[in-house]
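*Asks:* Structure here, sequence nowhere to be found:
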């Protein structure tokens, strides 16, 4: 147990010492096509959205509740987009985005091993962290972003549905290890 804690502390320290990814600079935010393609070309979004779809697929609940989780994540992203445009940037956005990738990974594991209350907390945290993915785009958005937002919502929905299909076919807690590994590679 002590060795695991020491390894986790060392890994966390390295993550905090690394420079921010700054993955959200210099791309167009005015067109529908830019919004549609960004979730696929922005690796942090790609991982988070597909992993969130996997998480939703692994949760033992009704289709209506699964749909509600997807809609909640989309609303969180949209509110983040508006908040980012309104309030502007702050230093913690990139850290929150990077952290979200590992939180969703842990939540996938929790879908198989946790109590209902712990799983509910993990799902709520994941939906909340999607907010920061939208927030980063709102900060850099220029002018009216409605077309970009519409494209981004459509692209995000498609990626979550892809994750849902993937999670249904390979329903396993070990998917969380794959998500964490890919996340670590992207952040490095």
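*Replies:* Everything's here; your move. Just so we're clear, the structure is a prediction, and the values are computed from it rather than from any experiment. Residues are numbered from 1 along each chain as shown.
*Asks:* what's the burial count for the spatially closest residue to residue 134 that is not a sequence neighbour?
*Replies:* Excluding its sequence neighbours, the residue lying closest to residue 134 (CB to CB, 6 or more residues apart in numbering) is residue 80, at 2.9 Å. No exception for glycine: its C-beta is placed from N, CA and C like everyone else's. Neighbours of residue 80 under the rule other CB atoms under 10 Å: 24.
*Asks:* One more: the one 10 residues further on?
*Replies:* When neighbours are defined as other CB under 10 Å, residue 90 has 11 of them.
*Asks:* Could you give the backbone dihedrals for it?
*Replies:* phi -150, psi 160 (degrees, to the nearest 10).
*Asks:* next one: the helix or strand where the residue nearest to residue 134 lies to chain centre, how far?
*Replies:* Counting by DSSP states H and E, the element that carries residue 80 is helix 63-87. Taking the mean of its C-alpha atoms, helix 63-87 sits 11 Å from the chain's own mean (CA atoms, centre = their mean, to the nearest Å).
*Asks:* Give the other helices and strands that the particular helix or strand that has residue 176 in it contacts.
*Replies:* Element membership for residue 176 (DSSP H and E) is helix 175-187. The contact analysis (3 or more CB pairs under 8 Å, 6 or more residues apart in numbering; DSSP states H and E) places helix 175-187 against helix 43-58, helix 93-113.
*Asks:* okay, the residue nearest in space to the middle of the chain: pLDDT?
*Replies:* The residue lying closest to the centre of the chain (CA atoms, centre = their mean) is residue 48, at 3.1 Å. On pLDDT, residue 48 comes in at 96.
*Asks:* just to revisit the earlier point, got the angle between the helix holding residue 80 and helix 43-58?
*Replies:* 150 degrees (axes from the mean of the first three to the mean of the last three CA atoms, to 10 degrees).
*Asks:* tell me the pLDDT at the closest residue to residue 180 other than its chain neighbours?
*Replies:* Excluding its sequence neighbours, the residue lying closest to residue 180 (CB to CB, 6+ apart) is residue 105, at 4.1 Å. Per-residue pLDDT puts residue 105 at 96.
*Asks:* Tell me where the protein is predicted with low confidence.
*Replies:* Counting by pLDDT under 70, the chain has low-confidence residues at 1-29, 143.
*Asks:* What's the separation between residue 36 and residue 121?
*Replies:* Noted for residue 36: a distance of 32 Å to residue 121, by CB to CB, to the nearest Å.
*Asks:* more neighbours, those two?
*Replies:* residue 36 (19 against 14).
*Asks:* Now do the same contact list for the more buried one.
*Replies:* Residues in contact with residue 36, defined by CB atoms under 8 Å, 6 or more residues apart in numbering, are 151-152, 154-155.
*Asks:* Name the member of these that has the highest neighbour count.
*Replies:* In terms of neighbours by other CB under 10 Å, these top out with residue 152 at 28 neighbours.
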